[in-house]
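In: build the 3D model from these lines:
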Amino acid sequence: MTYTIGSYLAARFSQIGLKHHFAVAGDYNLALLDQLLTNKDMTQIYCSNELNCGFSAEGYARANGAAAAIVTFSVGALSAFDALAGAYAENLPVILVSGAPNTNDRATEHLLHHTIGTYDWSYQLEMAKKITCAAVSITSAIEAPAQIDYAIRTALREKKPAYIDMACNISAAPCAAPGPISAVIAEEPSDPGALAAAVEVAAAFLREKTKPILLIGSKLRAARAEKEAIELADALGCSVAVMAAAKSFFPEGHPQFVGIYWGEISTSSAQTIVDWSDGVVCIGTIFNDYSTVGWTAMPSGPNVLTADQHRVYMMGHDFSHVHLRDFLSALARKVEKHDATMVEYRRIKSEPPAEVEAEPEAKLMRAEIMRQVGPLITSETTLLVETGDSWFNGVMMKLPNGARFEIEMQWGHIGWSVPATFGYALGAPGRRIITMIGDGSFQLTAQEVAQMIRHKLPVIIFLINNHGYTIEVEIHDGPYNNVKSWDNAGLIDAFNAEDGHGRGLRVTTGGELAKAIEVALANREGPTLIESVIDRDDCTSDLISWGRLVATANARPPRPQ
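Out: Numbers count the residues shown, from 1 in each chain. Below you'll find the predicted structure:
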C-alpha cells in the first residue's frame, strides 16, 4: 500500500483505538477529510460547529481513552481551541488537526481568507502551544510521519491534547509507511530508584499514622490507576473518600467508600471523617477554588502525602518519574491494616432521609426529578452532569458498581455536556447515557442534539428548566442571569425534520415525568429530551452553600500594595 500523509494519520488514529473521528468541513481541510475517508476502520462524524466538534471529541476521549477532531484554519481552529483547552484542563488526549494554508503561500505577500489579515499565520500554532502538550506544523512529506507520531505519542503519554496543522496541499502527498504502533504507544517505565524511595517514604508515613484515609481525585483515570487504588484501599482497610470530579473512579459499592469529600457540602459524614484523620493520602487530586469550596477545604501540611500522575511528594520529600499505578500497587504490598477511620465512620455515619414520592399531580420539584432519575442508573449507565445545579444533583446520586459519572469541574464550560454526550455515546455504544443540564447551558450547544438524532443515539436528556443561570444566581445575581425562554422540547421536532426519531417532552408534574421516562426508555431510535419545568429558586441546598463560599472567595479585596 502506498501511504499519503493523510492516510498515515488515519492509520495511526485507527491503531490507537479510534473507531470515529469528528469533523467540520472547511476549504483548508477538504483534501485531508478525503484521505481520512480512505480508512474503512473509522467513521467520519460531522458536527454542527467547531466548538461542538471539540467537545464531542472530548466526550469520546472520556469513553474511549483518546479522540481526534478535524477543523479548518483559524475560523474553525480558534473556535475548537475552547474545547481543546477544556481537554487540557480535564487531562484528556484529544488530537486536534487543522487544515492550513497552501505551502506555496508561505513567506509571500499573499493575504489569505480565514486569517486575521496578516502575512504571518504562525499565530495559530503559537496559541495551540499554550493549550496542548505537543503542537506541530506539517509542511513536508518527509518529516510528516515523525511529527504525527510525536504528537500522538505525547498526547497519549501525558493524557493531554495535541495539535497538528497540515498544509492543505500536502495531505495527499506520498510518505513513508507507518512503523510498528508500539513505538507510539510504548510508555517509559517508572524510575526504579525513585519508585522504591517513594514507596519507602510513603510506607513510613503510614506507619506513623493511627487513622489514615485515602482521598481520590480525578487524575486517577488519566493515570489509568483505578484498579491499583482499590488494591491499596484493600491493603490499608481505611476509609476512602472521593472528590466530586472523581465520582465513580472508585466503586461506591466498595465497603470502604465513605462518600464525596467537598468541604461544607460533602456527602453525609465524608468531611467529618477526612477532618478526623491524622494522615491524608491524596491520590490524583486537583484542588481549585470550586473543588475546595472557595479554598475552605484543602488538605495541607505535614499530614498530607500526595501521589500525582507522575510524582509523589510530601513535606520534605519529592519523587518524580514515578507512575501512579506503579506506586499504588507497590505501596499496597508494603502497608499494614489501618482501619480506625472505618471504625469511626461506622459510628458517625447517618442514613440519608427516605425519599418521599410526590403526588402525581403536584407541581414538579427538583427533588422529585432526582427521585425518578435515580432508579434509571444501572451498572451499564453513564451519567453526565452539566455545570450548574446538575453538578450537585449528580453528586448526590448513588451509583452502582460499574456506573460511570462524568463532570467538567476544572474547565467548567456551560454547554459542555450536550456535545460531550454525543461523543461519549458514540464511544460507548453499549451503555445507557443519561445527561442532566439546565436550560441556560443548553442554549450554548443545543445543535448537537441534531447529530444524536442523525446517528439514532438513544440518549436521555433531562433538561431542568429553572428559567436562567441558577448557579450564577447563587454566586452573584443580576439581570445577566436571565435567558430568553425556548420551547426546548419543541426544538426536537425541528431537529427531526423529515427523518428523525428524537422525542421532545415537556413535563410540569411528577406524573407527567414518570410517563415521559417510559417514553424515553422505549425510544431506541434517537434521543429523548425531557424538559422538566421547576421554579427558579428550586435548587439544592449544596448549591446555595457552595455559591456563598465561592462568592466570598471571588470578592476578596486586593492585597495592600
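In: just the helices from the stretch 251-400 of the chain, written as ranges.
Out: Along the stretch 251-400 of the chain, counting by DSSP state H, counting those that start in this stretch, helices occupy 270-276, 324-332, 340-348, 366-373, 389-396.
In: how far does stretch 278-292 sit from its chain's centre?
Out: The chain centroid and the centroid of stretch 278-292 are separated by 18 Å under Cα atoms, centre = their mean, to the nearest Å.
In: pull up the distance across that stretch, start to finish.
Out: 19 Å (Cα to Cα, to the nearest Å).
In: again with stretch 87-104
Out: Counting by Cα to Cα, you get 33 Å between the two ends of stretch 87-104.
In: start at 99 instead
Out: Understood, numbering begins at 99; the last thing we discussed is stretch 185-202.
In: and it, what's buried?
Out: Going by neighbour count (16 or more other Cβ atoms under 10 Å), the buried part of stretch 185-202 is 185-199. Yep, even glycine has a C-beta here, placed from its N, CA and C like the rest.
In: follow-up on the earlier one: mean neighbour count and mean pLDDT for the helices of the stretch 349-498 of the chain - can I get that in JSON lines?
Out: Formatted as JSON lines, the entries for those read as follows, by neighbours: other Cβ atoms under 10 Å; pLDDT from 0 to 100:
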{"stretch": "helix 368-374", "mean neighbour count": "19", "mean pLDDT": "95"}
{"stretch": "helix 422-430", "mean neighbour count": "22", "mean pLDDT": "98"}
{"stretch": "helix 438-446", "mean neighbour count": "17", "mean pLDDT": "95"}
{"stretch": "helix 464-471", "mean neighbour count": "20", "mean pLDDT": "95"}
{"stretch": "helix 487-494", "mean neighbour count": "24", "mean pLDDT": "92"}
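In: what would these look like in JSON lines with distance to residue 593?
Out: Listed next are the helices of the stretch 349-498 of the chain as JSON lines, based on distance: least, Cβ to Cβ, whole Å:
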{"stretch": "helix 368-374", "distance to residue 593": "41"}
{"stretch": "helix 422-430", "distance to residue 593": "42"}
{"stretch": "helix 438-446", "distance to residue 593": "48"}
{"stretch": "helix 464-471", "distance to residue 593": "23"}
{"stretch": "helix 487-494", "distance to residue 593": "22"}
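In: between these, which one is closest to residue 481.
Out: Each of those has some distance to residue 481 by Cβ to Cβ; the shortest is helix 487-494, at 5.9 Å.
In: and that closest one with helix 464-471, angle?
Out: Taking axes from the mean of the first three to the mean of the last three Cα atoms, to 10 degrees, one finds that helix 487-494 is oriented at 50 degrees with respect to helix 464-471.
In: if we can go back for a sec, I'd like to know which of the helices of the stretch 349-498 of the chain is closest to residue 610.
Out: Go through the helices of the stretch 349-498 of the chain one by one with Cβ to Cβ and the one that ends up closest to residue 610 is helix 464-471, at 10.8 Å.
In: which neighbouring elements make contact with the closest one?
Out: Helix 464-471 makes packing contacts with helix 487-494, strand 558-563, helix 608-620 when contacts are defined by 3 or more Cβ pairs under 8 Å, 6 or more residues apart in numbering; DSSP states H and E.
In: export the first one as PDB, just CAs?
Out: What follows is helix 487-494 as a C-alpha-only set of coordinates in PDB (Å, rounded to 0.1, in the frame of the first residue of the first chain):
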ATOM      1  CA  ASP A 487     -27.100  22.600  39.900                       C
ATOM      2  CA  SER A 488     -26.800  19.400  37.900                       C
ATOM      3  CA  TRP A 489     -23.400  19.000  39.500                       C
ATOM      4  CA  PHE A 490     -24.800  18.800  42.900                       C
ATOM      5  CA  ASN A 491     -27.800  16.700  41.900                       C
ATOM      6  CA  GLY A 492     -25.500  14.300  40.200                       C
ATOM      7  CA  VAL A 493     -23.000  14.100  43.100                       C
ATOM      8  CA  MET A 494     -25.800  13.000  45.400                       C
END
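In: for it, what is the distance to the chain centroid?
Out: Offset of helix 487-494 from its chain centre (Cα atoms, centre = their mean): 15 Å.
In: could you do the second one as well?
Out: Using Cα atoms, centre = their mean, the distance from the centre of strand 558-563 to the centre of the chain it belongs to is 19 Å.
In: counting by contacts, list what that strand packs against.
Out: helix 464-471, strand 530-536, helix 537-543, helix 608-620, strand 626-631.
In: that strand to helix 487-494, inter-axis angle?
Out: If you take the same axes, to 10 degrees, strand 558-563 sits at 130 degrees to helix 487-494.
In: same deal with the last one?
Out: Between helix 608-620 and helix 487-494, the angle formed by their directions is 80 degrees, by the same axes, to 10 degrees.
In: other SSEs contacting helix 608-620?
Out: By contact count (3+ Cβ pairs under 8 Å, 6+ apart), the secondary structure elements abutting helix 608-620 are helix 464-471, strand 558-563, strand 601-605, strand 626-631.
In: just the first one next, same as before
Out: Other elements packing on helix 487-494 under the criterion 3+ Cβ pairs under 8 Å, 6+ apart are helix 464-471, strand 479-483, strand 502-505, strand 530-536, helix 568-573, helix 639-652.
In: in the longest one, what's buried?
Out: Under the neighbour-count criterion of 16+ other Cβ under 10 Å, helix 639-652 has 640-641, 643-645, 647-648 buried.
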